[in-house]
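Trainee: Using only what follows, build the 3D model:
(chains A, B, C and D)
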2 protein chains.
Amino acid sequence: MSIQDDSITLAHSAETSRILDEAERQILSLPTGKLRVVDVAAALGMSHANVYRFFKNRDALLDGLVDRWLRDGEVRAEKAIADHVTASNQLKHVLLNLHVQTRAKIASAPGVMDIYHRALNKRSDAVERHRAFLIQTCAGIIELGIERGEFEIERTQIPSALILIELATRKFTHPVLISEGLADDTPEEAERVLTFFIEAMKSAPHLFEQS
Amino acid sequence: MSIQDDSITLAHSAETSRILDEAERQILSLPTGKLRVVDVAAALGMSHANVYRFFKNRDALLDGLVDRWLRDGEVRAEKAIADHVTASNQLKHVLLNLHVQTRAKIASAPGVMDIYHRALNKRSDAVERHRAFLIQTCAGIIELGIERGEFEIERTQIPSALILIELATRKFTHPVLISEGLADDTPEEAERVLTFFIEAMKSAPHLFEQS
DNA sequence: CGAATTACATATTTTGTATTATGTAATCTG
DNA sequence: CAGATTACATAATACAAAATATGTAATTCG
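Mentor: Now for the predicted structure:
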């Protein structure tokens, strides 16, 4: 029974994964993000029409890729939380990791950015979900930090802190903006801004009062 | 003599200005930034080769346009300083004005963004100069704020404050990033971040200590 | 009958060519 | 001879035709 349940809980069928794997492989060796469904199907020895049984259209396939990348980032975020003890370090490393990983992903192949760009402009479900995950995660960490007495801000100031941190660090977490500043923006700068807000939550809580 | 001096100090000849005026006029009514030197020359009733007497090449002409736009922003920055008394308000409105003005400029015509984009990717002299102007201006305001006892940070912390403010607000002042977030990022959000840093300089100077 | 394929109309991309623009040098003009 | 033009080689762009991809419906296969 548990075996059946396991197979049911698999979000993607084995076939879906194979298709995504091949799509990703091709994207990484492509000069641009112009992935062709026919090529993916051909490489897998199936007809291209068969791909459409698993993905509504090409956009859905690309969204699937972005979704995997974003989920990968989320796993790393969870790991960053597990790897650090203090809320300060958890918050810092969750966002810093995100910056560094996305940076690396984008730099790995020119086509990756094209795919991200499309998904973000479309505000695909995958992107919205990821955004919600991040905000929830950061909120949780800050809450923990407050409970532990690590941060001096009030619980009611959490939304305000989240908005500010998001605004000031989006430049380091948003794929398009990372790509735009690939040459200029360093992880060190990201850390600097993060440290500033973390220190502010520790020793200058009044800055987060709602206006 | 002073008349002669005046004419000499004119950075642009009357002809240069005419060319830039016509180029700008065309850009504003063009779907993309694909300005053609021949068209500008034709509209002015001169041969296209004549344009090359005043601008080394097409890129130089486009840089000239960006330069004018950026200088216009600088004039508005100076005005923002004159219009406000406190260093806090000067700093806030200089950057906020920049955000709002650039936003409006980009929204005015699709071609404008193309031109900005090119100049920024090229790191043209115009852009570098503008960047230096902004940093210098903000530094001056902060210095004044310190002198007046409005900000509590130390003079030695000015560089640190400038870097942080620049990092956290570039999203609101960088044309490409403004364009990217034209739909999402509001002036209100920009103000929020600015207010945060200004308040921090007032009441939490220790946050700006060098690490 | 479910899983996959081929067949097909429409959209998109590629390709080769004609046209037009760029930038420079030679030439003209007042 | 400074100020501008025309003339020209090279580079970029626009365009039309052919080729290819997408997405769906009819068809085949096990």
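Trainee: Spell out which parts of chain A neighbour DNA strand C.
Mentor: Those residues of chain A that sit near DNA strand C, judged by Cβ under 7 Å from any atom of the strand, are A:15, A:34, A:45, A:46, A:47, A:48, A:49, A:50, A:53. (Each C-beta comes from the backbone N, C-alpha and C, glycine too.)
Trainee: Show me how to select, in ChimeraX, the buried members of the residues you listed.
Mentor: Of the residues of chain A next to DNA strand C, the buried ones go into a single ChimeraX selection, burial set by 16 or more other Cβ atoms under 10 Å in any protein chain shown:
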select /A:46
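Trainee: residues contacting the residue in chain A positioned nearest to chain B?
Mentor: Using Cβ to the nearest Cβ, the closest approach of chain A to chain B is made by residue A:204 at 3.6 Å. Taking Cβ atoms under 8 Å, 6 or more residues apart in numbering or on different chains as the criterion, residue A:204 is in contact with A:152, B:200, B:203, B:204, B:207.
Trainee: Which member of these is positioned nearest DNA strand C?
Mentor: residue B:200 (47.0 Å; Cβ to the nearest atom of the strand).
Trainee: backbone phi and psi for that closest one, please?
Mentor: Residue B:200 adopts backbone torsions of phi -60, psi -40, taken as degrees, to the nearest 10.
Trainee: gap between it and DNA strand D?
Mentor: Distance from residue B:200 to DNA strand D, counting by Cβ to the nearest atom of the strand, to the nearest Å: 47 Å.
Trainee: Identify the residues contacting that residue.
Mentor: By Cβ under 8 Å, 6+ apart, the residues touching residue B:200 are A:200, A:204, A:207, B:207, B:208.
Trainee: Identify the farthest-apart pair in those.
Mentor: A:207 and B:208 (12.6 Å; Cβ to Cβ).
Trainee: Kindly present the contacts of residue B:200 as CSV, with separate columns for secondary structure.
Mentor: Shown next, in CSV, are those (DSSP: H, G, I helix; E, B strand; the rest coil):
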residue, secondary structure
A:200, helix
A:204, coil
A:207, helix
B:207, helix
B:208, helix
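Trainee: so how many other residues sit close to residue A:186?
Mentor: Using other Cβ atoms under 10 Å in any protein chain shown, residue A:186 is surrounded by 13 other residues.
Trainee: what stretches of chain A score poorly on pLDDT?
Mentor: For chain A, applying pLDDT under 70 flags the ranges A:1-11, A:211.
Trainee: Show me which residues of it sit near chain B.
Mentor: Contacts of chain A with chain B, taken as Cβ under 8 Å from any Cβ of the partner chain, map to A:163-164, A:167-168, A:170-171, A:176-177, A:180, A:189, A:192-193, A:195-196, A:199-200, A:203-204, A:206-207, A:211.
Trainee: Narrow these to just the buried residues.
Mentor: A:164, A:167-168, A:170-171, A:176-177, A:180, A:189, A:192-193, A:195-196, A:199-200, A:204, A:207.
Trainee: Which ones among the residues you listed lie within helices?
Mentor: Among those, the members falling in helices (DSSP state H) are A:164, A:167-168, A:170-171, A:176-177, A:180, A:189, A:192-193, A:195-196, A:199-200.
Trainee: centroid residue for chain A?
Mentor: Nearest residue to the geometric centre of chain A (Cα atoms, centre = their mean): residue A:70, 3.8 Å.
Trainee: quick one: contacts for that residue?
Mentor: Applying Cβ under 8 Å, 6+ apart to residue A:70 gives the contacts A:126, A:127, A:129, A:130.
Trainee: how does it look with 10 Å?
Mentor: By Cβ atoms under 10 Å, 6 or more residues apart in numbering or on different chains, residue A:70 lies in contact with A:98, A:102, A:116, A:119, A:124, A:126-127, A:129-131, A:133-134, A:175.
Trainee: what's the farthest-apart pair in those residues?
Mentor: Among the contacts of residue A:70, A:98 and A:124 lie farthest apart (Cβ to Cβ), at 18.1 Å.
Trainee: Show me which of the two is the more surrounded one.
Mentor: Using other Cβ under 10 Å as the criterion, residue A:98 and residue A:124 rank with residue A:98 on top: 25 against 20.
Trainee: mind listing the helices for chain A?
Mentor: Assigned by DSSP H, chain A shows helices spanning A:2-9, A:14-28, A:37-43, A:48-54, A:58-83, A:87-108, A:110-122, A:125-147, A:158-173, A:175-180, A:187-203.
Trainee: what's the distance between residue A:82 and residue A:90?
Mentor: From residue A:82 across to residue A:90, the span is 9 Å (Cβ to Cβ, to the nearest Å).
Trainee: how close does residue A:25 sit to DNA strand D?
Mentor: For residue A:25 relative to DNA strand D (Cβ to the nearest atom of the strand), the value is 16 Å.
Trainee: For that residue, give me its contacts.
Mentor: Counting by Cβ under 10 Å, 6+ apart, residue A:25 touches A:40, A:43.
Trainee: roughly how far apart are it and residue A:117?
Mentor: The gap separating residue A:25 from residue A:117 is 20 Å, by Cβ to Cβ.
Trainee: one step back: can you tell me which of the residues of chain A next to DNA strand C comes closest to DNA strand D?
Mentor: Nearest to DNA strand D among those: residue A:49, at 3.6 Å, using Cβ to the nearest atom of the strand.
Trainee: Give me the distance between stretch A:33-45 and the centre of its chain.
Mentor: Taking Cα atoms, centre = their mean, to the nearest Å, one finds the center of stretch A:33-45 at 25 Å from the center of the full chain.
Trainee: And it, what's buried?
Mentor: So for stretch A:33-45, counting by 16+ other Cβ under 10 Å, buried means A:33, A:35, A:37, A:40, A:41, A:44.
Trainee: Spell out which two among those are the most distant pair, please.
Mentor: Within the buried residues of stretch A:33-45, A:33 and A:44 form the most distant pair, 19.4 Å apart (Cβ to Cβ).
Trainee: ok, now how distant is residue A:83 from residue A:90?
Mentor: 9 Å.
Trainee: Could you list the contact residues of chain A toward DNA strand D?
Mentor: Counting by Cβ under 7 Å from any atom of the strand, the residues of chain A lying close to DNA strand D are A:35, A:36, A:37, A:38, A:39, A:48, A:49, A:52, A:56, A:57, A:58, A:59.
Trainee: give me that answer again for 10 Å
Mentor: With the criterion set to Cβ under 10 Å from any atom of the strand, chain A comes near DNA strand D through A:34-42, A:47-53, A:55-62.
Trainee: Please name the spatially closest residue to residue A:69 (chain neighbours excluded).
Mentor: Nearest non-adjacent residue to residue A:69, counting by Cβ to Cβ, 6 or more residues apart in numbering or on different chains: residue A:105, 6.2 Å away.
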